[in-house]
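Okay, predicted coordinates and the sequence, questions at the end:
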Amino acid sequence: FRAPSNMRLNSLVVLAAADQCDVASTARTDCGFVGVDQGQCEAKGCCWKPVQTKASEAGAEDTPWCYYKAASCPLKYETTGQPYTEAEISKIRQYFVANLDIQSSGAVIASPDKSVGYYYDWARDGALSMGALLKTFPAGADVDTHFGNYISWVAARQAQADPHGIDIRVEVKFEVPSGAVYAGGWCRPQTDAPGLRARVLSEYALQKMKGGDKSFVQEKLWTGDDSKYNGGLIKYDLAWVVANWAQNSCDLWEEVQSEDFFWGRYTMRAGLMVGAELAEAMGDDASAATYRSTAKDIEGTLAGHFNGAYVFESDNRPVDSAVVGAFSDGDFDGNQLFGPLSKEVLLTIANLNSVFCNAFPINQQDTEAGTPGVMYGRYPGDTFFGGNPWFLLTAYLAELVYRQAAAAPGATLDADTYAALQQAFGFEDGLSGAALAKALLGAGDGVLLRIRKHTEANDFHMNEQLGKNDGQMTSAQDLTWGYANLLKAVHARQSAASAAQQATVLV
C-alpha cells in the first residue's frame, strides 16, 4: 500500500468537504445569522453558497446560503427481531385507550395534558384514533362500546349550531365532555375531518354488515332518510366533501391556509372511495357513483403535487411530513396513485430523511451512537416548542416502510424507481421479492428502535415531541395520535414480516 501524496490528500479533503456541502435546497438548515459573511460562516464549520435562482432550484431564492453540512441517518438496518415485546405493546395500548371515550361520552382527547391546552376533542385526531382502534384491536365488546359512544358523539356534534359561522362538520375542536365548540380563536375551517370521519365510520359499518348487523348501520350511520340524521352520519359528511373538497382550509398543523393541501385531498379521496363501497352495500348506487366521480376529480389534482424531487404539501408549505401521513391514512384497496413503492414516495422519503437528519442534532447523536432510523419533524423552520422531532410523524414513517415491505414481493421496480429506493435507504443493487421485503422490514424496525430508545426510560409513555438537542420529552404528554400511529406501525409490521419470511426465519 502506498500512501497518497500530500496533493492527493488535500484533494480528497476538498472533495469530502464539497460533498458535505452538497445539500439539496429543501434540506438546508440555517447555520448563520442576519448579516453573516462567508468568513464568519466557514469559521463556524458551515457551508457557504450563494442563493440559487435557476429553474432547477425552484424556490431556492429563499434557501439559506450559510447552512449546516450534510449529516447522515442511514435507514438500512438488519432486523434482529421485533422492536417491542407483546407486554410492551399491551402497555402502550392501555395508554392509548385511556384517552378514548372519555366518561363514556365518545370523545377522544388529544392528550390528558391540560397544561398545554390539549384536553379537547380534535375532530381529525378523533377520527384517526378511532381508525387505529378499529385496525389494531381485536373485534369485541370493548371496540363496539367505544364505537357506539363515538357514533353518538358525532351525531350530537353534527346536530349542533356552529358559533363561528362555519359548517359544524369542519369545526376544529370541542370541549370534553360537554361537546361545546371551542370558543377561542383558532385556524378555521379544518376540512380534513369529514373525509376522515366518514372513512372510519364506513369501515366500521362494513364490518358490522359483514357480521349481519345491517340494522345497526341503518340506525344512525346510513339511514337512507334525509329527515333522520341527514341521511346518516356518513352520508352527511360525504355530502360536504362532494360539495366543498376544493374549499380553502387550514393545514394539518392549523397554521397556514390553502385550497390545495395534499394531506386533505389525498385523505378525502380515500374517504369517498370507502364510502362508495358502503353505499353500494346499502343499495345506494347513485351515491356510490357520485363519490367515485368526485374522488376522480380530486385525483386529477394530486399528480401535480410531485415536483420531480418529492411530493409537496402545498405551495406555501412544500416540504412537510404531512405527506407521509397522507400516504398511509389516504391509502385504500385498489389505490394506484403514489403507492408505497412508487418513485414519488421513495424520493419523498429520501428528501425528508435528509431534511430532518440535518435539522435535528439528536438525530446525528443517535446515529453516532449506533441507533438506527431517523426522527421526523413537521417541516423545516418549525418553531412550535422550538421545532422538534415528533413521535407520531416518525411512527408514520415506520408504518409506511412496513407497507413497502409488504408490497415488495409483488413489485417490479424500474431503474429510476430502484435508484430512488437506494437514495432513500442505501440498499445494495439487485434486491427484489422477499429479499427486498426483508431489507425494508429491517429499515422499519430501525425507525421503531429509535422511537423505543427515547421512550423506554419513560415506561414507553410518549409526549408529542422530543427535544431536538437533548432528547428530552417536550410538549403534550401521552399524545393519543402518537400512540395510534405507533400501534398502526406495529400492526403493519405483521404483513411486512410475512412478506420477508421467505428470506429469513428471524422476524
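Ah, there it is.

what's around Met462, how many residues?
Here the number of neighbours of Met462 (other C-beta atoms under 10 Å) works out to 27. For glycine as for every other residue, the C-beta is placed from the backbone atoms N, C-alpha and C.

next one: Val256
Neighbour number of Val256 under other C-beta under 10 Å is 17.

Contacts only, for it.
Applying C-beta atoms under 8 Å, 6 or more residues apart in numbering to Val256 gives the contacts 250, 314, 316-317.

pLDDT score for it?
Listed pLDDT for Val256 reads 97.

Okay, it and Ser249: tell me how far apart.
Distance of Val256 to Ser249, given as C-beta to C-beta, to the nearest Å: 10 Å.

what's the answer for Trp48, then?
Distance, Trp48 to Ser249, using C-beta to C-beta: 39 Å.

got any ranges where the stretch 1-150 of the chain has weak pLDDT?
1-19, 24, 26-29, 31-32, 44-45, 52-64, 68-70 (pLDDT under 70).

coming back round to it: more neighbours, Trp48 and Ser249?
More crowded of Trp48 and Ser249, by other C-beta under 10 Å: Ser249, with 26 against 19.

Measure how buried the residue nearest to the more buried one when sequence neighbours are not counted is and give me the count.
In space, and not counting its chain neighbours, Ser249 is closest to Thr191: 3.8 Å by C-beta to C-beta, 6 or more residues apart in numbering. Neighbourhood size, Thr191 [other C-beta under 10 Å]: 26.

repeat for Pro361
Residues lying near Pro361 (other C-beta under 10 Å) number 15.

in terms of contact, does it touch Leu466 like I think?
No - between Pro361 and Leu466 there is no contact under C-beta atoms under 8 Å: 11.4 Å.

Now Gln477: closest residue in space, sequence neighbours ignored.
Asp113 (4.3 Å).

ok, now which ones touch the one you found?
Contact partners of Asp113, counting by C-beta under 8 Å, 6+ apart, are 119, 476-478.

How about Gly264?
Contact analysis of Gly264 by C-beta under 8 Å, 6+ apart lists 191-192, 195, 249, 252.

same question, Gln472
Residues in contact with Gln472 (C-beta under 8 Å, 6+ apart) are Leu466.

For it, give its distance to Ile362.
Distance of Gln472 to Ile362, computed by C-beta to C-beta: 9 Å.

same thing with Ser129?
27 Å.

out of those two, which sits in the busier spot?
Under the criterion of other C-beta under 10 Å, the comparison of Ser129 against Ile362 puts Ser129 first, with 28 against 20.

Make sure the more buried one is indeed in a helix.
Yes - assessed with DSSP: H, G, I helix; E, B strand; the rest coil, Ser129 lies in a helix.

so it makes contact with Ile102?
No - Ser129 is beyond contact range of Ile102, at 11.8 Å (criterion: C-beta under 8 Å).

Can you check which residues contact both of those two?
Val108.

Can you give me the buried ones in stretch 326-337?
For stretch 326-337, burial by neighbour count (16 or more other C-beta atoms under 10 Å) applies to 326-332, 335.

So which of the residues you listed are in helices?
Among these, the ones falling in helices (DSSP state H) are 326-329.

tell me the contacts of Glu280?
By C-beta under 8 Å, 6+ apart, the contact set of Glu280 is Ala288.

Could you rerun that using 10 Å?
Neighbouring residues of Glu280 by C-beta atoms under 10 Å, 6 or more residues apart in numbering: 287-289, 291-292.

ok, the residue nearest to the spatial centre of the chain to Ile102 distance?
For the chain, the residue sitting closest to the mean C-alpha position, by C-alpha atoms, centre = their mean, is Gly325 at 1.9 Å. Using C-beta to C-beta, one obtains 24 Å as the distance from Gly325 to Ile102.

what's the answer for Leu400, then?
Distance from Leu400 to Ile102, by C-beta to C-beta: 30 Å.

Name the residue in these two with the higher neighbour count.
Using other C-beta under 10 Å, the more surrounded residue of Leu400 and Ile102 is Leu400, with 24 against 18.

residues contacting the more buried one?
324-325, 327-328, 331, 340, 345, 348-349, 440, 444, 447, 489, 492.

what do you get for Phe137?
Residues in contact with Phe137 (C-beta under 10 Å, 6+ apart) are 93, 96-97, 143, 146, 487, 491.

Farthest pair within those?
Across the contacts of Phe137, the longest distance by C-beta to C-beta is 17.3 Å; it joins His146 and His491.

more neighbours, the two?
For His146 versus His491, the count of surrounding residues by other C-beta under 10 Å is larger for His146: 21 against 16.

ok so the more buried one is a strand residue?
No - with three-state DSSP as the criterion, His146 is assigned helix and is not in a strand.

and the residue nearest to it when sequence neighbours are not counted, what does it touch?
Distances taken as C-beta to C-beta, 6+ apart put Asp101 closest to His146, at 4.7 Å, once the chain neighbours are dropped. By C-beta under 10 Å, 6+ apart, Asp101 lies in contact with 107-109, 130, 133, 142, 145-150, 153, 177.

filter those to the buried ones?
Taking 16+ other C-beta under 10 Å as the criterion, what is buried in these is 107-109, 130, 133, 146-150, 153, 177.

can you name the two of the contacts of Gly264 that are farthest apart?
Within the contacts of Gly264, two members stand farthest from each other by C-beta to C-beta: Gly195 and Leu252, at 12.9 Å.

follow-up on the earlier one: for PyMOL, what selects the buried ones among the contacts of Val256?
The buried residues among these can be selected in PyMOL (16+ other C-beta under 10 Å) with this line:
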select buried, resi 250+314+317
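
Would you convert the contacts of Val256 into CSV that also reports pLDDT?
Converted to CSV, the contacts of Val256 look like this (pLDDT from 0 to 100):
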residue, pLDDT
Cys250, 97
Ser314, 97
Asn316, 96
Arg317, 96
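
Out of the contacts of Val256, which sit inside strands?
Cys250 (DSSP state E).
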